[in-house]
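Participant: coords please:
(one chain, ligands or ions: 1)
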Amino acid sequence: MIESFGELYYADSYRRHFTARVLAVRTRQGRTELRLDQTCFYPEGGGQPGDRGSLQEFPETNPAEGCRQPDTVPAGAADPTEQSARPAAGSRCQVIDTRLDDQGVIWHRLDQPVTWEPGTRVTGELDWLRRYDLMQQHSAEHLVSGITHRRFGYDNVGFHIGQDLTTLDFNGPLTPADLRWIEDQANQAVWQNLPYEISYPARELLPSISYRSKLELDGAVRLVTVPGYDCCACCGTQVRRTGELGLIKLCSAESYKGGMRLTLLAGRRALQEMQRWQQQLDLAAASLSRPRTDLAAGISQLQQELRQQRTQVRISEDRWLEHCLAGLPAHYAAKPGLILFQDFTSQQLKEAARRLLALTARQPDLALLLLPAPDRTGPDDGQAAALPFYLLQPATASLNLWEQLKAGYPVQGGGRAPLYSGRLTISPRQLRRLADQLQLQSIGLP
Ligand SMILES: [Zn+2]
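Facilitator: Predicted structure coming up:
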């Protein structure tokens with residue numbers, strides 16, 4: 001609820017230092033919060049996060065700075081501490097967030113408790129690097145929203161400057177070609193180095209002005225205009241000219257609530273992200289021995305080679321399995337069989353079971369248990385493990401290995417003749433004993 005636009009950050013969004021008096025101190029959510037009689041700290045609002053920085057107690061009589069009643073300094077006027085940023089005596093704390101309450105009062109949230117009473121004089125200093133970054137993102141959002149609104153008629157229905165990315169939501173779809181056009185237009189506005197003009201038109205004039213606004217506005221309206229591109233009611237802070245944005249990059253776009261959510265970067269963030277992309281592209285280009293502009297073709301070729309090699313491996317494994325299975329004893333009637341498969345994946349084990357089932361389809365008397373081979377490096381007295389198993393046993397089999405297994409070990413799973421499967425919990429020692437009782441074969445991949 002900002003009505004007067006009298007704060008220092010509206011008078012000059014580039015002002016980083018100020019003096020003020022503490023008006024009130026309170027505690028919220030375990031944190032000390034201060035209300036000041038004036039401030040450069042922008043409170044969270046309109047998609048722009050609240051400012052951070054520091055506050056320091058400023059003695060009433062300071063030989064270095066002289067004594068001045070802050071109340072006599074009009075908002076936005078030059079401040080004796082503005083240029084010097086000289087540290088004053090007195091305790092210092094960090095402002096970790098700035099917010100407005102329901103009554104429109106700005107509260108500075110501190111990193112630690114302070115002993116300052118109402119009336120204490122303080123100097124404040126913005127975390128300027130962060131604020132300027134936020135101003136670049138916010139100013140870029142105006143351009144992109146204005147351009148999109150003018151060309152496609154869409155409204156910006158959501159805006160958030162995050163730690164890494166800025167998101168913009170529009171209430172209509174945009175194609176990749178549309179996005180490229182918007183990005184081109186926004187950067188053309190940057191190259192023209194146009195001003196962000198701030199105005200406070202009288203209410204009676206507002207109906208005759210075409211401007212974007214998310215809300216029905218009461219009280220004074222602050223309009224931010226970029227000539228030829230946008231006019232928007234705004235309570236945030238902007239850069240002075242579009243040239244300060246350097247680069248506007250639309251990084252991604254996805255369908256969102258019937259419209260589109262775009263991610264945007266501008267200024268320092270855009271440069272840093274492009275540098276990260278370049279670093280990754282250079283690494284990829286070096287490993288593929290191709291220029292950066294030809295990576296997609298290189299990756300496509302690699303994928304094709306990989307697919308061919310996987311096919312070759314699969315064919316080789318199939319042939320090996322076929323060879324091994326063909327060498328197994330023809331009959332397991334007299335004694336049930338146990339086949340241990342070394343280094344088989346569960347998928348390969350399943351495939352082996354499928355093939356063995358086909359190979360033994362004509363054997364009416366069969367009991368054949370398939371298990372993965374235990375880890376050879378593990379201790380013999382190791383813990384029991386639940387191993388995937390397949391059991392081939394036709395209904396005509398004279399031995400019922402399935403019932404014996406269920407009686408002797410924890411078994412999960414089931415099935416019916418001629419195939420049972422599941423998990424068999426068995427220790428290495430138990431498995432060795434079982435192998436002694438059965439006709440053992442081992443199969444390993446080449
Ligand atoms: Zn704005």
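
Participant: what packs against the top helix by length along the chain?
Facilitator: Using DSSP state H, we find that the single longest helix of the chain is helix 295-326. Using 3 or more Cβ pairs under 8 Å, 6 or more residues apart in numbering; DSSP states H and E as the contact criterion, the elements in contact with helix 295-326 are helix 267-288, helix 346-359, strand 439-444. Every C-beta, even on glycine, is put in place using the N, C-alpha and C of the backbone.

Participant: Give me the angle between the second one and helix 295-326.
Facilitator: Taking axes from the mean of the first three to the mean of the last three Cα atoms, to 10 degrees, one finds helix 346-359 and helix 295-326 inclined to each other by 40 degrees.

Participant: what does helix 346-359 rub up against?
Facilitator: With contact meaning Cβ atoms under 8 Å, 6 or more residues apart in numbering, helix 346-359 is reached by 317, 321-322, 325, 328, 339, 341, 344, 368, 370, 372, 388, 390, 392, 418-419, 421, 443, 445.

Participant: Out of those residues, which are close to the ion?
Facilitator: Applying Cβ under 5 Å from the ion to the contacts of helix 346-359, one finds that nothing falls near the ion.

Participant: Drop anything exposed from the residues you listed.
Facilitator: Buried members of the contacts of helix 346-359, scored by 16 or more other Cβ atoms under 10 Å, are 317, 321, 325, 328, 339, 341, 344, 368, 370, 372, 388, 390, 392, 418, 421, 443.

Participant: of all the residues you listed, which comes closest to residue 382?
Facilitator: Ranked by distance to residue 382 (Cβ to Cβ), the buried ones among the contacts of helix 346-359 are led by residue 372 at 14.5 Å.

Participant: residue of the stretch 301-446 of the chain with the smallest distance to the ion?
Facilitator: residue 303 (44.5 Å; Cβ to the ion).

Participant: Dump the helices and strands packed on helix 295-326 to CSV, plus distance to residue 134 and mean pLDDT.
Facilitator: As requested, the helices and strands packed on helix 295-326 are arranged in CSV below (distance: least, Cβ to Cβ, whole Å; pLDDT from 0 to 100):
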stretch, distance to residue 134, mean pLDDT
helix 267-288, 10, 95
helix 346-359, 52, 88
strand 439-444, 62, 86
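
Participant: The helix or strand hosting residue 189 versus helix 267-288: what angle between them?
Facilitator: For residue 189, the host element (DSSP states H and E) is helix 176-191. If you take the same axes, to 10 degrees, helix 176-191 sits at 130 degrees to helix 267-288.

Participant: So what touches helix 176-191?
Facilitator: Helix 176-191 has contacts (Cβ under 8 Å, 6+ apart) with 140, 143-144, 147-148, 151-152, 174, 226, 228-229, 242-243, 245-250, 253, 262.

Participant: Please save the CA atoms from the strand or helix carrying residue 34 in PDB.
Facilitator: Following DSSP H and E, one finds residue 34 within strand 31-36. C-alpha atoms of strand 31-36 as PDB (Å, rounded to 0.1, in the frame of the first residue of the first chain):
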ATOM      1  CA  ARG A  31      13.900 -11.200  14.400                       C
ATOM      2  CA  THR A  32      14.300  -7.600  15.300                       C
ATOM      3  CA  GLU A  33      12.700  -5.200  12.900                       C
ATOM      4  CA  LEU A  34      13.200  -1.400  12.600                       C
ATOM      5  CA  ARG A  35      11.000   1.300  11.300                       C
ATOM      6  CA  LEU A  36      12.900   4.400  10.200                       C
END
